[in-house]
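Visitor: could you look at this predicted model? Sequence included:
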Amino acid sequence: MNKTILIAIWMLISLQTNAQRNVVVIIADDLGKDFCDIYPDHANNTVHLTNVRRLLEKGVVFNNAWANPLCSPTRAGILTGRYSFRTGVGDVVDGSNPDLNTNENIIPKVLNLYNPNGIAKACFGKWHLTAFGPAGYNYPNLMGFDHFEGSLTGALGQPGQQVTGYYNWTKITNGVNSTCTNYASTENVSNAITYLNNQPTTKPFFVWLAFNAPHTPYQLPPASLISNTTLSGLQSDITANPTPYFQAMVEAMDTELGRFFDYLVSIGKWDTTDFIFIGDNGDDSYVAQSSPAKGSVYQGGITVPFIVSGPDIINPNRTSDALVNTADIFATVLEMFGDTDWQSQIPTATVDSHSLMPILTNEATTVRPWAFSEVFRVTPLASDGKAIRNANYKLIKFSNGTEKLFNLTADASETTNLLNTTLSDTDVTNYNYLCTEMSNLVGTGIICTALDNDTFLDATEIFVLENPFKSKIQINNSTKGDLFELYTVKGEKIAEGTDVATRDFSTLAKGTYIVKLVKQKKVFKIIKE
């Protein structure tokens, strides 16, 4: 058989296979890496994810995946492929913070542009991208989903009542609200199965399966879903010892996932379905094994479990150290369905998503040089800020002007802020690179001081004795009468004189500043505690 005929046959098979491709995105709510036994060296106190582990044999486990620190921003980023500063969703959507704009081109909208009415698009479980109320009941459908069945809010319960959680919650079905008393994780899977049962067997599907578990309120799941038979379920016990209930909720979610997987096997869709499993942010501080956790741009708040599994994986059952943003799911899902020209379908949108397909097909080991995350609130908190990392280093720029630089390879727990130490040439190079990249990305509000080793501690010449400082800026070898100038990181001069050694700066706001010794021609970055 000649080569031309072989190529034609391969192309025909590829087209037929792609036409049958299905994609399921599975989101666990408030689940960081700590409790996931798919990362066995991460923490000792893990949950055995029996059914999630079924994805490993035909999948890739990503070790360095970043989400946003909170639920809504991560979901907005996945669906749009855009960072929070573009979508405006930087905090939890609760009525006081912005919803995801209906004009955004989210995954189901783009799929419909690519293949009008040719792909079934359904969303089950937690939405959390619009404020709860009748005006938002149709929101997921307006955004392109053919079918929505789940909850709109962050935590399950009945609005206006004491939270009753997973056994009594307001469910929305295509714009119609009702009270659901089925355990939420069970209901989510049952709804997905019922929906797929009613679809043509030849129609590809995109399913967004977003569990509320293991988000608070912590409750004892049905006994049939968990292995721990010692839990009382009493609120007093949950309050005193929340971790085993959190773990039980993770296990119950995993058990229900197994039921969903078994269903796909029974209808012959298991081998034609790509799965993406993630957590939407780090563990809640109630149970977190690393701190700071959910809500922060430290590793405990944004590093999440991430598995991609299915027929698109070449050389499966492997791990990847590639840097990944959860926003990369946007382009990856579209290309799994064969839509490799998605950008031309939404030409006016700035999309930050990088398709992971080159990694999944084993053609590349990485698709992006850095990962980015951020959190910002209408009412700012001290933890608000932006983070960017490359393979080894991470830079955090807090909204109050404070900044921190970590070598994650040597300091995975982020205990040593390198900006308070003598910087090596490598430290300086990485700071300058990451800060410049963040500034170029965000466009405004990021100030980068061009660092140089002479700028920081040099024991043989002039250096700051205490950095961070509380009240006095102490500089060795500076002589009385030396003229100093003090600047904000934005370049605004706020003090000058010849009394740097004796002046009291205790009332100065916390943050990062630049002090210049005019005669010595020395510039130092200093941090006020």
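Guide: Cool, got the structure. Numbering: from 1, shown residues only.

Visitor: doesn't Gly150 make contact with Ala210?
Guide: Yes. The criterion here is C-beta atoms under 8 Å, and Ala210 meets it with Gly150 at 7.1 Å. Any C-beta I mention is one placed from the backbone N, CA and C, and that applies to glycine too.

Visitor: the two - which one has more neighbours?
Guide: Taking other C-beta atoms under 10 Å, Ala210 and Gly150 do not tie; Gly150 has more neighbours (27 against 22).

Visitor: so where's this protein shaky on pLDDT?
Guide: Within the chain, the ranges that satisfy pLDDT under 70 run 1-19, 41-43, 158-163, 450-467, 476-481, 489-490, 521.

Visitor: in it, what residue spans correspond to helices?
Guide: For the chain, the helices defined by DSSP state H cover 3-19, 71-80, 84-87, 107-114, 139-142, 184-197, 235-240, 243-266, 299-302, 328-336, 342-345, 357-360, 425-442.

Visitor: which other helices and strands contact the longest one?
Guide: When you say that, I think you mean helix 243-266. strand 22-28, helix 184-197 (3 or more C-beta pairs under 8 Å, 6 or more residues apart in numbering; DSSP states H and E).

Visitor: count the residues that sit near Pro108.
Guide: 23.

Visitor: surely it is in contact with Leu142?
Guide: No. Between Pro108 and Leu142 there is no contact under C-beta under 8 Å: 10.7 Å.

Visitor: ok, and for stretch 411-424, which residues are buried?
Guide: Neighbour counts over stretch 411-424 (16 or more other C-beta atoms under 10 Å) mark 414, 417-420, 423 as buried.

Visitor: let me fix that: stretch 371-383
Guide: Buried, per 16+ other C-beta under 10 Å, within stretch 371-383: 371-377, 383.

Visitor: what's the most distant pair in these?
Guide: Using C-beta to C-beta, the two most remote members of the buried residues of stretch 371-383 are Ala371 and Arg377, lying 21.6 Å apart.

Visitor: and the closest residue in space to Pro140 that isn't next to it in sequence, what is it in contact with?
Guide: Nearest non-adjacent residue to Pro140, counting by C-beta to C-beta, 6 or more residues apart in numbering: Phe148, 3.7 Å away. Phe148 sits next to 122-124, 127, 140-141, 172-174 when contact means C-beta atoms under 8 Å, 6 or more residues apart in numbering.

Visitor: mind redoing it with 7 Å?
Guide: Phe148 is in contact with 123, 140-141, 172, 174, counting by C-beta atoms under 7 Å, 6 or more residues apart in numbering.

Visitor: what about it, distance to Lys171?
Guide: 10 Å (C-beta to C-beta, to the nearest Å).

Visitor: comparing the helices of the chain, which comes out most buried?
Guide: helix 71-80 (a mean of 28; mean count of other C-beta atoms under 10 Å).

Visitor: and that one, what does it pack onto?
Guide: For helix 71-80, the packing partners by 3 or more C-beta pairs under 7 Å, 6 or more residues apart in numbering; DSSP states H and E come out as helix 84-87, helix 328-336.

Visitor: contacts for the last one, please.
Guide: In other words, helix 328-336. 21, 23, 25, 78-81, 107, 110, 206, 274, 276, 312, 342, 353-357.

Visitor: mind running it again at 6 Å?
Guide: 23, 78, 81, 107, 110, 274, 276, 312, 342, 353-357 (C-beta atoms under 6 Å, 6 or more residues apart in numbering).

Visitor: who's in contact with the residue nearest to Gly282 when sequence neighbours are not counted?
Guide: The shortest distance from Gly282 to any non-neighbouring residue, by C-beta to C-beta, 6+ apart, is to Gly32 (3.8 Å). By C-beta under 6 Å, 6+ apart, Gly32 lies in contact with 279, 282-283, 304.

Visitor: and the residues you listed, which is closest to Ser296?
Guide: Checking the contacts of Gly32 one by one against Ser296 (C-beta to C-beta), the nearest turns out to be Gly282, at 7.8 Å.

Visitor: need the residues touching each of Ala210 and Gly150.
Guide: Joint contacts of Ala210 and Gly150 (C-beta under 6 Å, 6+ apart) are Gly125.

Visitor: state the distance from Phe524 to Val515.
Guide: 5 Å.

Visitor: that should have said Asn168, apologies.
Guide: In terms of C-beta to C-beta, Asn168 sits 59 Å off from Val515.

Visitor: higher neighbour count, the two?
Guide: Val515 (21 against 17).

Visitor: bridging residues for the more buried one?
Guide: Residues in a beta bridge with Val515, per DSSP bridges, are Leu486, Phe524.

Visitor: which ones are touching it?
Guide: Val515 sits next to 486, 524, 526 when contact means C-beta under 6 Å, 6+ apart.

Visitor: try 8 Å
Guide: 464, 473, 475, 484-487, 500, 523-524, 526.

Visitor: how about Ile314?
Guide: Neighbours of Ile314 in contact, by C-beta under 8 Å, 6+ apart: 360-363.

Visitor: burial count for Glu492?
Guide: That count, for Glu492 with other C-beta under 10 Å as the rule, works out to 8.

Visitor: re earlier: just the buried subset of the contacts of Val515, please.
Guide: 464, 473, 475, 484-487, 500, 523-524, 526.

Visitor: ok, so of those, who is nearest Ala288?
Guide: Among the buried ones among the contacts of Val515, and counting by C-beta to C-beta, the member closest to Ala288 is Ile526, at 31.8 Å.

Visitor: the closest one against Ile475, yeah?
Guide: No. With contact defined as C-beta under 8 Å, Ile526 does not reach Ile475; the gap is 9.5 Å.

Visitor: restrict stretch 250-267 to CA atoms and write it as PDB.
Guide: Extracted as PDB, the C-alpha positions of stretch 250-267 are listed here (Å, rounded to 0.1, in the frame of the first residue of the first chain):
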ATOM      1  CA  VAL A 250     -13.100  14.100  49.800                       C
ATOM      2  CA  GLU A 251     -13.500  10.300  49.900                       C
ATOM      3  CA  ALA A 252     -17.200  10.600  49.300                       C
ATOM      4  CA  MET A 253     -16.600  12.800  46.200                       C
ATOM      5  CA  ASP A 254     -14.000  10.200  45.000                       C
ATOM      6  CA  THR A 255     -16.600   7.400  45.500                       C
ATOM      7  CA  GLU A 256     -19.200   9.200  43.500                       C
ATOM      8  CA  LEU A 257     -16.600   9.900  40.800                       C
ATOM      9  CA  GLY A 258     -16.100   6.100  40.600                       C
ATOM     10  CA  ARG A 259     -19.900   5.700  39.900                       C
ATOM     11  CA  PHE A 260     -19.600   8.300  37.100                       C
ATOM     12  CA  PHE A 261     -16.600   6.600  35.600                       C
ATOM     13  CA  ASP A 262     -18.300   3.200  35.800                       C
ATOM     14  CA  TYR A 263     -21.300   4.700  34.000                       C
ATOM     15  CA  LEU A 264     -19.000   6.000  31.200                       C
ATOM     16  CA  VAL A 265     -17.500   2.500  30.900                       C
ATOM     17  CA  SER A 266     -20.900   0.900  30.700                       C
ATOM     18  CA  ILE A 267     -22.000   3.200  27.700                       C
END
